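Asker: predicted structure and sequence below. I'll ask about it afterward.
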Amino acid sequence: MKVEPKYIVAQDDFLKTKLDQLVEFANEKRESKPDEAIQYAEEGIEIAKEIEAYSPLLELMSVKASALVIRGSFDQAKECCSKIIELGNVFNIQDHKSTALHILGYSYARRGLYQVALEYYYQAVQINLERNAYKAICENYNNIATIYKRINQLDKSLSYLEKSLEFYVKSGDELPYHYLANKAGILGVMQKYEEAIELLLDLLSRIENDPKQRFMQMTCYFGLANQYVAKNDVENAKVFFEKGIAFAKESNYRELLVRLYFRYGKMLFSTGKVEKATELLASALEYCEEEENQVLRIDCLKLLHQCYEEIGDYHGANASLKELVDLQEAHFQKDRDLKISEIEEEKELEIKTLINQKDEIERKNTLLEQSIKQLKQYAYIVAHDLKQPLRSINGFAQLIGKKLNQEGNETNEIGSYIEHLSSSTNYLNDLLEDLLQYATLEEFTNFDTAIDVNDVVNEVMRDFEREHVTFKVEKLPIIKVSKIHLKLLLHNLIDNAIKFNNKEECIINIDVSTDKKIHTFSITDNGTGIALAYHEKIFNVFYRIEKTKEGTGIGLAICDKIAELYGGKIWVESEAGKGSTFKFTIPENVLED
């Protein structure tokens, strides 16, 4: 039988319409009726596969995973999330990847594997930040805050909670219910039970009749019951335990139901109502059949065993003890295998994170290197281009002076103006030279050439051969540095030692000490000294203590930068009026003397 094209189109339209309805129904029932949501999602997933509608497929898988978590089926949720991430990569659809990562984080957090959970949450945050998905970000931060609350790092918990609120405000969405519930939990940990209870009751009054907030309503019942237990208010705790149990049964929130039974039973046991506690724990065990609820089952069996012993039911005590031993033995093996698997997964996650970080750092380093190169080129071009007009200005000023002098028209005032103009252009020229040196220092960095520091010092001293200057130099080492850098550094320090000296004889001592493979060079003078307040400022670009002295204020900044290039540092030891000792270090990547 031949199928008409019109029939095929009509069939496709019908399936697309049905798929849209199933997506809507699954989302609507996700919190209020997770089992129904899962059924709608599974039906929709089959249709989406049939018509190759990949985006709705991933959305339905996300709804299913979320509903599985709400129901307490964490292993199934984890498996579903892994498929979402895998298919998202195959079809290049990343919209639901952050949801899957968030659900994975929640699943691991419920099992106490907080470090793994945090890694998944942080990955989800990164994706959501790129998408500007503010509501999703605040949910990520809210769950991160929950983890830090559970491990008693309240400062961090509150910090992430405030971040969560910040993104709720940006989203312009409904009141931040998760934020309020989490804050109540933190207040409880801080033993501020009244404030926590007031916050939860206020939240409950806002959402009690909202079908979309049933899971949050359940969370409020559970939270209120726990706060009243902590406050030793048994009657009020009982009210909210029973409300919570009825609500959890109606919505099939199995994991929360078991926790409510267990906590309620534990409270009753502590108040002497052992028989009622025994009934509750037996009910809890009925909902703990799934393997992934073994830890809860073990907790229930331990308390149930105590209940049976307390009421003298030794048959029940023995039966519960035998089941507990068998379960613990099986759980120990499974838990050991699971933890090995989780450790492997955690390490794989760490490796992936490190690889991503390395790639990002390399990308940023490349951009940074390009920017630095462009800035250096710009600095060089600007300095070079500005020097030519400065030379012209200076040259014309001198020509004007000569011309006026030849004609006998120069006055003292005009001569002073021309001298000042010439001096200013010379200063600007020196400034540009120093800036150019400062901007291009890295180009001359060299760790491979062995330099005898004695030879470099001798060359620099020849630049300062004057009658009133005396040098005293100890034997200096051979090191691997750029000769240009070393000579420039020594020249600037010695120039300052002479410039800022008011004695008849300027005495400069140069020596070195070596400790733990680090050379510390010292240049000591008997000059005017430097007050403590200026010891750090003098190494800033353009900073000058005495504006009347010659110089650009860049020399010591150049010295500082040269020391840093070789992994060293520079500083001054001085008091006003008592001379100065400038010291700089260079690690011993040197040849032996």
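Answerer: Thanks, I have the structure now.

Asker: pick out the residue nearest the middle of this structure.
Answerer: Closest to where the C-alpha atoms of the chain average out (CA atoms, centre = their mean) is residue 122, at 9.0 Å.

Asker: can you check the pLDDT for it?
Answerer: Residue-level confidence at residue 122 comes out at 91, pLDDT.

Asker: which residues touch it?
Answerer: Contacts of residue 122 were listed using CB atoms under 8 Å, 6 or more residues apart in numbering, and they are residue 144. In this view, the C-beta of every residue, glycine as well, is placed from N, C-alpha and C.

Asker: and it, how far is that from residue 505?
Answerer: From residue 122 across to residue 505, the span is 66 Å (CB to CB, to the nearest Å).

Asker: return the set of buried residues in stretch 115-122.
Answerer: By neighbour count, and taking 16 or more other CB atoms under 10 Å as the criterion, the buried residues in stretch 115-122 are 116, 117, 118, 119, 120, 121.

Asker: between the residues you listed, which is nearest residue 455?
Answerer: residue 119 (56.2 Å; CB to CB).

Asker: where do the helices sit along the stretch 201-350 of the chain?
Answerer: Assigned by DSSP state H, counting those that start in this stretch, the helices in the stretch 201-350 of the chain fall at 214-230, 234-251, 254-270, 274-286, 294-311, 314-407.

Asker: now the fifth one - C-alpha only, PDB.
Answerer: Spelled out, that is helix 294-311. Taking only C-alpha atoms (Å, rounded to 0.1, in the frame of the first residue of the first chain), the coordinates of helix 294-311 have been written out as PDB:
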ATOM      1  CA  GLN A 294      20.300   1.600  51.700                       C
ATOM      2  CA  VAL A 295      21.900   4.200  54.000                       C
ATOM      3  CA  LEU A 296      18.400   5.400  55.100                       C
ATOM      4  CA  ARG A 297      17.300   1.700  55.600                       C
ATOM      5  CA  ILE A 298      20.400   1.100  57.800                       C
ATOM      6  CA  ASP A 299      19.600   4.100  59.900                       C
ATOM      7  CA  CYS A 300      16.000   2.900  60.300                       C
ATOM      8  CA  LEU A 301      17.000  -0.600  61.200                       C
ATOM      9  CA  LYS A 302      19.500   0.600  63.800                       C
ATOM     10  CA  LEU A 303      16.800   2.600  65.500                       C
ATOM     11  CA  LEU A 304      14.100  -0.100  65.100                       C
ATOM     12  CA  HIS A 305      16.500  -2.600  66.800                       C
ATOM     13  CA  GLN A 306      16.700  -0.200  69.800                       C
ATOM     14  CA  CYS A 307      12.900   0.100  69.900                       C
ATOM     15  CA  TYR A 308      12.400  -3.700  69.900                       C
ATOM     16  CA  GLU A 309      14.900  -4.100  72.700                       C
ATOM     17  CA  GLU A 310      13.300  -1.300  74.700                       C
ATOM     18  CA  ILE A 311       9.800  -2.900  74.500                       C
END
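
Asker: list the buried residues of that helix.
Answerer: Under the neighbour-count rule (16+ other CB under 10 Å), helix 294-311 has 294, 296-301, 303-309 buried.

Asker: what angle do it and helix 254-270 make?
Answerer: Angular relation of helix 294-311 and helix 254-270 on a 0 to 180 degree scale: 20 degrees, by axes from the mean of the first three to the mean of the last three CA atoms, to 10 degrees.

Asker: pull up the pairing partners for the longest strand seen in the chain, direction included.
Answerer: Counting by DSSP state E, the longest strand found in the chain is strand 506-515. Strand pairing for strand 506-515, using DSSP bridges, gives strand 469-473 (parallel), strand 518-525 (antiparallel).

Asker: give the buried residues for that strand.
Answerer: 506, 507, 508, 509, 510, 512.

Asker: what's the answer for stretch 75-92, then?
Answerer: Within stretch 75-92, the residues that qualify as buried are 76, 77, 78, 80, 81, 84, 85, 87, 88, counting by 16+ other CB under 10 Å.

Asker: cool, and stretch 471-485?
Answerer: Along stretch 471-485, these residues count as buried under the neighbour rule (16+ other CB under 10 Å): 471, 473, 476, 477, 479, 480, 481, 482, 483, 484, 485.

Asker: just the ones of those residues in helices?
Answerer: Restricting these to those inside helices, with DSSP state H as the criterion, leaves 483, 484, 485.

Asker: got TSV for these, with distance to residue 132 and pLDDT too?
Answerer: TSV is the format used below for those (distance: CB to CB, whole Å; pLDDT from 0 to 100):
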residue	distance to residue 132	pLDDT
483	54	85
484	50	83
485	48	87
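
Asker: quick one: which of the residues you listed is nearest residue 106?
Answerer: Proximity of these to residue 106 (CB to CB) peaks at residue 485, which lies at 56.1 Å.

Asker: so how many other residues sit close to the nearest residue to that closest one once chain neighbours are set aside?
Answerer: Distance criterion CB to CB, 6 or more residues apart in numbering; nearest residue to residue 485, sequence neighbours excluded, is residue 562 at 4.8 Å. Summarising burial for residue 562: neighbours were counted as other CB atoms under 10 Å, giving 26.
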